[in-house]
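# Attaching a predicted model along with its sequence, questions to come.
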Amino acid sequence: MVWNFIAQLVLGLVLSAISYALSPRPKVEKPLAAGLDDFSLPTAEEGRPIPVIFGTVLITGPNVVWAGDLKVDPIKKKGGKK
């Protein structure tokens, strides 16, 4: 009974090793950095129609009519020795 268990365990390990050795290796390609053309960003174009939507709808590349009061705040960072 014990020998049967040991034989199954060894056979399972051998078959796993063979399966791993014969499995195809994935091609490793260097990932490319995403450019601005890869994203669907909101735009602000004159003369572009504004769609009228009822309900919940996913809009790809919407036309921005108003974005609020945008301002830039500088990042204040303490550095050096204390």
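Right, received. Where do you want to start?
# Check the spacing between the spatially most central residue of the chain and Ile53 real quick.
Nearest residue to the geometric centre of the chain (C-alpha atoms, centre = their mean): Ala34, 10.9 Å. To Ile53, Ala34 is 28 Å away according to C-beta to C-beta, to the nearest Å. Any C-beta I mention is one placed from the backbone N, CA and C, and that applies to glycine too.
# Which elements pack onto the helix or strand hosting Val10?
Assessed by DSSP states H and E, Val10 sits inside helix 2-22. Packed against helix 2-22 by the contact rule (3 or more C-beta pairs under 8 Å, 6 or more residues apart in numbering; DSSP states H and E) you find no helix or strand.
# Averaged pLDDT, it. What do you get?
What helix 2-22 shows for mean pLDDT is 93.
# List the buried residues for it?
For helix 2-22, burial by neighbour count (16 or more other C-beta atoms under 10 Å) applies to no residue.
# and that helix, how far from the chain's centre?
Relative to the centre of its chain, helix 2-22 is centred 38 Å away, using C-alpha atoms, centre = their mean, to the nearest Å.
# How about stretch 39-54?
The chain centre lies 25 Å from the centre of stretch 39-54; the measure is C-alpha atoms, centre = their mean.
# How about stretch 50-70?
Its chain's C-alpha centre lies 24 Å from the corresponding centre of stretch 50-70 when counted by C-alpha atoms, centre = their mean.
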